[in-house]
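Engineer: Turn this into a structure:
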Amino acid sequence: AYVSSSRLPPLVCKLQKWDPEKLCRGIDVVRCRKNGLANARFPLPVFCPLDSLQEAREGHLADLTYVRLRKDSRVALLSRLPYVGQGWYAKPAVACMLDTGIATWQDFLSSLDATAHVQPSCLAWALRKMEEAWGEEHLAKRSVNALQGLWARNADLVYLMRTSNNQLDGHGCQYRQTFATPPAGLGLRDGRGVLRRGGDPPAAGRGADALYFKFIKTDCVGFQGLPRKHQPLVERLLRKRHPDGTLVYRGDAVDPLLGEHREPEIDGRPPAPVGWEAVEDPVEHCLKGCSLLLTGLPGTGKTHLARRIVAQLREAGDLVQLVSKTHSAAQNLDLGAQTADHWVRRTVRNGRCRLDWLVVEEVTQLDAGLWADIACVSMDRSVRFLLMGDFRQLPAVLDSFAGSRVERPLKDSDLLRDLASGYCHELTENRRSDERIFRFIGWLRVGDAEEVPLAEAVRVAREFPRGRENRRLAPEGAVLIEHRDSGAPTTNSPQTMRVWAGLKLVGAGGKVPRGVFVTVAEAGLEKVTLDGGQQFSHSELLRHTRLCHAITYASCQGLTLRGRVWLLDWGTQHFNLRHLYAGA
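Structural biologist: A predicted model of the protein is given here:
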């Protein structure tokens, strides 16, 4: 809703008629583009792909706010700036409206907050280094302006720049300025509009008689015949400085505004609420070339249905790529599935991504960084998505973005709905799970308003028939492999274990991918052979595998565990209903 909305128009217009025979003076914002970043009034937002629109809340000043004021033709433009019509405004502009009484909290409809923020001083240091790299002042200024131009580009503009690590390549070089005119109906993001300060000359000039202000040229206000009683106001403005000591405004003679310019106005539409549309036949829906979100309780056949869809899509000639966060989930999905981290590094981040369909298994396990890469893939509108998962399971582990913890759930994100084009299908029939367990996890109502309290859920879970504790005595012919390490034990460190043919192990990384199950085919006194033909010495086996009698709750998501499962740690303070759901 924000990306496709109308942009703030340039503040270029005539306020009053002026005498062409008299001198025009102006108050100009010094280096508005640079100082809008380096000396910003608020921390600079860093938006995460999972950031989504929310209803505006009274008392909360968001990074972006949709403002709609009642139209009043009696109020002059200069008296209502920076408001130029209903639309999206940045935090500095909204704060200015509140401070000056132009708007109230009731005039804010929607808001968009960033997950992370950085202090302006961090960017000020980088901009200063950029400017120092240029010998001349006007080139230093243009370098910062060009940087914001690159940030403000849309998907229709592509720039290519070659760099060199050889200092000699910088001598005698040339530079070229590139300007782009957007197609009709499209607008470039105006960095000055996003970063506009509350102390711009139009806002500061409301204290003086508006009759003396003749025109506005973006970051400059021109006036004529200003009486002496208003000179102290101008002098105070010209003495204002940023925290780094640089001037905020400068005053000088300016050329009058040339040409005819309409009063800037934006008339956007408030963001409309968008919901999900249920699909009856997911296979037919995908074969028509439409994206889909496929959800359901464990055991309802999400992976089996996905295999059917992928097979038919490939028969139709589509190029389908399957990814998942973990090795175990990718192995379970099969059909050439890869881990998402490996795939994005090899394709998306390498600039060579070619596919028709992207199938994502266990979407709740993907972190915000991977969703950022997938969002880049979605900019190619020909790519469709099949997303599978269960939002009742555990989210991504320690998910963070730009150094800040990600608080917004994937289920409620606009990105998920955009990737699936708003289509979803939920599987409800039990296909492979024990019927009592299936009814139990459905009864938990995880994530719903009526979810069962944890204490009650644990009490009911303990009533399930439990077998005796797994026998500790190994069968005849088992080989004892001892781990000798004098150092302090670490997390998931190797351990002494007995190994026999048929024993299932789990990969610990290296030659056996982490989280992948393997089975011992033969256990000898010198070598151990796995079912895939791999042979390891005893020390190598300890390094690359672990006993899988105990796995974490996060690791068991997407797996089918045979036999009895013993749920541990249910009495700790970190155990919650989602852990019980994933384990069950």
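Engineer: Look at the residue nearest to Ile266 when sequence neighbours are not counted and report its pLDDT.
Structural biologist: Distances taken as Cβ to Cβ, 6 or more residues apart in numbering put Gly85 closest to Ile266, at 3.9 Å, once the chain neighbours are dropped. Bear in mind the C-beta positions are built from the backbone N, C-alpha and C, glycine included. Gly85 carries a pLDDT value of 89.
Engineer: Does Leu480 belong to a helix, a strand or coil?
Structural biologist: Look at Leu480: counting by DSSP: H, G, I helix; E, B strand; the rest coil, its state is strand.
Engineer: which residues does it bridge with?
Structural biologist: Arg498 (DSSP bridges).
Engineer: The residue nearest to Ile266: which element?
Structural biologist: Under the criterion DSSP states H and E, no helix or strand holds Gly85.
Engineer: can you tell me how far Phe391 sits from Lys325?
Structural biologist: According to Cβ to Cβ, to the nearest Å, Phe391 and Lys325 sit 15 Å apart.
Engineer: first vs last residue of stretch 99-111, how far apart are they?
Structural biologist: End-to-end distance of stretch 99-111: 18 Å, with Cα to Cα, to the nearest Å as the criterion.
Engineer: quick one: contacts of it?
Structural biologist: For stretch 99-111, the external contacting residues (Cβ atoms under 8 Å, 6 or more residues apart in numbering) are 1, 53-60, 62-69, 80, 83, 94, 96-98, 198, 203, 206, 270-271.
Engineer: Please repeat the previous calculation with a cut-off of 6 Å.
Structural biologist: For stretch 99-111, the external contacting residues (Cβ atoms under 6 Å, 6 or more residues apart in numbering) are 53-54, 56, 58, 62, 65-69, 80, 83, 97, 270-271.
Engineer: so where's the stretch 151-300 of the chain shaky on pLDDT?
Structural biologist: Within the stretch 151-300 of the chain, the stretches falling below the threshold (pLDDT under 70) are 153-161, 170-210.
Engineer: Kindly recompute the last result at 90.
Structural biologist: 151-234, 237, 242-246, 254-275, 297-300 (pLDDT under 90).
Engineer: for the stretch 251-400 of the chain, what spans make up the helices?
Structural biologist: 282-287, 302-315, 327-333, 340-343, 368-378 (DSSP state H, counting those that start in this stretch).
Engineer: my read: Lys91 touches Asp63, true?
Structural biologist: Yes - applying Cβ atoms under 6 Å, one finds Lys91 in contact with Asp63, separated by 5.4 Å.
Engineer: okay, these two: which has more neighbours?
Structural biologist: The neighbour count for Lys91 versus Asp63, taken as other Cβ atoms under 10 Å, is higher for Lys91 (24 against 20).
Engineer: From Ser4, how far off is that one?
Structural biologist: 21 Å.
Engineer: Leu358 now?
Structural biologist: 22 Å.
Engineer: now swap in Val360 and tell me
Structural biologist: Using Cβ to Cβ, Val360 is found at 24 Å from Ser4.
Engineer: Looking only at neighbour counts, state which of the two leads.
Structural biologist: The residue with more neighbours, out of Val360 and Ser4, is Val360; 25 against 7, by other Cβ under 10 Å.
Engineer: Give me the helix or strand of this structure that scores worst on average pLDDT.
Structural biologist: Every helix and strand of the chain was ranked by mean pLDDT, DSSP states H and E. The lowest is helix 191-194, at a mean of 34.
Engineer: This protein - how does it break down into domains?
Structural biologist: In terms of domains, the chain is parsed into 2-30+44-118+197-253, 277-427, 469-485+493-582 (source: the TED database).
Engineer: which of these has the lowest average pLDDT?
Structural biologist: domain 469-485+493-582 (a mean of 81).
Engineer: For the nearest residue to Arg546 once chain neighbours are set aside, give me its contacts.
Structural biologist: Leaving aside its chain neighbours, Arg546 sits nearest to Ala508 (4.9 Å; criterion: Cβ to Cβ, 6+ apart). Ala508 sits next to His544, Thr545, Arg546 when contact means Cβ under 6 Å, 6+ apart.
Engineer: any idea which of those has the most stuff around it?
Structural biologist: Thr545 (27 neighbours).
Engineer: Can you verify my assumption that that one contacts Leu505?
Structural biologist: Yes - applying Cβ under 6 Å as the test, Thr545 and Leu505 come out as touching, 4.2 Å apart.
Engineer: Distance of the nearest residue to Gly477 once chain neighbours are set aside relative to Gly369?
Structural biologist: Leaving aside its chain neighbours, Gly477 sits nearest to Trp500 (6.0 Å; criterion: Cβ to Cβ, 6+ apart). Distance, Trp500 to Gly369, using Cβ to Cβ: 41 Å.
Engineer: For these two, indicate the residue with more neighbours.
Structural biologist: Gly369 (18 against 15).
Engineer: If you drop the residues flanking it in sequence, what lies closest to the more buried one?
Structural biologist: Phe401 (6.8 Å).
Engineer: same thing with Asp28?
Structural biologist: Counting by Cβ to Cβ, 6+ apart, the residue nearest Asp28 is Cys220, at 4.3 Å.
Engineer: coming back round to it: any chance of the domains of the chain in CSV, plus distance to Lys141?
Structural biologist: Below are these laid out as CSV (distance: least, Cβ to Cβ, whole Å):
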stretch, distance to Lys141
domain 2-30+44-118+197-253, 11
domain 277-427, 28
domain 469-485+493-582, 51
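Engineer: And the helices in the stretch 401-550 of the chain?
Structural biologist: Under DSSP H, counting those that start in this stretch, the stretch 401-550 of the chain gives helices at 414-419, 435-444, 454-461, 538-544.
Engineer: Can you tell me which of those is packed in deepest?
Structural biologist: Highest mean neighbour count of the helices of the stretch 401-550 of the chain: helix 414-419, a mean of 20 (counted as mean count of other Cβ atoms under 10 Å).
Engineer: Show me how far it is from its chain's centre.
Structural biologist: Here helix 414-419 is found 11 Å from its chain centre; the criterion is Cα atoms, centre = their mean, to the nearest Å.
Engineer: How about stretch 310-317?
Structural biologist: With Cα atoms, centre = their mean, you get 31 Å for stretch 310-317.
Engineer: hey, C-alpha coordinates of that stretch in CSV?
Structural biologist: Only the C-alpha atoms of stretch 310-317 are listed here, as CSV (Å, rounded to 0.1, in the frame of the first residue of the first chain):
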residue,chain,number,x,y,z
VAL,A,310,5.7,-29.7,-8.3
ALA,A,311,5.6,-32.9,-10.4
GLN,A,312,2.8,-31.5,-12.6
LEU,A,313,4.4,-28.1,-12.9
ARG,A,314,7.6,-29.6,-14.1
GLU,A,315,5.7,-31.8,-16.6
ALA,A,316,4.2,-28.6,-17.9
GLY,A,317,7.7,-27.2,-18.5
